[in-house]
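here's my sequence, what's the structure:
(one chain, ligands or ions: 1)
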Amino acid sequence: MTLSKKSKQQLRKTLEDMRQELLDEVRVQIERSRVKDHMGDLGDYATADMAAEYAHLFGERLRHKLQLIEDALDGIENGYYGYCEECEEPISEKRLQLMPFALYCVRCQSELERQAKLRGERFEEWYGASRNE
Ligand SMILES: [Zn+2]
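So this is what the prediction gives:
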């Protein structure tokens, strides 16, 4: 990867902020839901593990997004961040700044969108193909 140390730090920060937002969302939902009755006072302890454990209660999409963010952070740590899952080419930095947990480069993304469209599905950047509703 050709990302500079500074870019990586920025991307990590963005990802951590996104994760925090999601965790806050999970926490709010837990607080509002009856799960709380089984868990007692949550206080301030919403962690990634906890969210991963309970996120399934709040939908596949939220959990999926959280997983992507975790993977991206892992990737930054371990040096495999920023490569397209399809063609294994580096994803452009500009694109990563817009979508730090992007899985595909622009070219593969458009191709996947095109194929999904032919099947009558839509392809979301971070979620993959799903049926049009
Ligand atoms: Zn690609």
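
switch to C-alpha atoms for all contacts and neighbour counts from now on
OK.

show me what counts as buried in stretch 102-114.
Across stretch 102-114, burial judged by 16 or more other CA atoms under 10 Å covers 102-105, 109, 112-113.

typed the wrong thing, it's stretch 73-93
73, 75-76, 81-84, 90-93.

can I get these in TSV with pLDDT?
As requested, the buried residues of stretch 73-93 are exported to TSV (pLDDT from 0 to 100):
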residue	pLDDT
73	95
75	94
76	94
81	94
82	94
83	94
84	95
90	95
91	95
92	94
93	94
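
can you tell me which of the buried residues of stretch 102-114 are up against the ion?
Contacts with the ion within these, counted by CA under 5 Å from the ion: residue 105.

so, low pLDDT: which residues of the chain?
For the chain, the stretches with pLDDT under 70 are 1, 34-58, 132-133.

quick one, domains of it?
If you go by automatic domain parsing, the domain ranges for the chain are 1-81, 85-133.

centre of the chain versus the helix or strand hosting residue 14, how much separation?
Under the criterion of DSSP states H and E, residue 14 resides in helix 5-32. Offset of helix 5-32 from its chain centre (CA atoms, centre = their mean, to the nearest Å): 10 Å.

ok, now stretch 70-77?
For stretch 70-77, the distance to the chain centre is 10 Å (CA atoms, centre = their mean).

contacts for it, please.
Contacts with stretch 70-77, where a contact means CA atoms under 8 Å, 6 or more residues apart in numbering, come from 8, 12, 15-16, 19, 81-82, 100-101.

how about it as PDB, C-alpha atoms only?
What follows is stretch 70-77, C-alpha atoms only, in PDB (Å, rounded to 0.1, in the frame of the first residue of the first chain):
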ATOM      1  CA  GLU A  70     -13.400  -3.500  12.500                       C
ATOM      2  CA  ASP A  71     -11.900  -5.300   9.500                       C
ATOM      3  CA  ALA A  72     -10.600  -2.000   8.100                       C
ATOM      4  CA  LEU A  73      -9.000  -1.000  11.400                       C
ATOM      5  CA  ASP A  74      -7.500  -4.500  11.600                       C
ATOM      6  CA  GLY A  75      -6.200  -4.100   8.100                       C
ATOM      7  CA  ILE A  76      -4.600  -0.800   8.900                       C
ATOM      8  CA  GLU A  77      -2.900  -2.400  11.800                       C
END
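
perfect, I'm done here.
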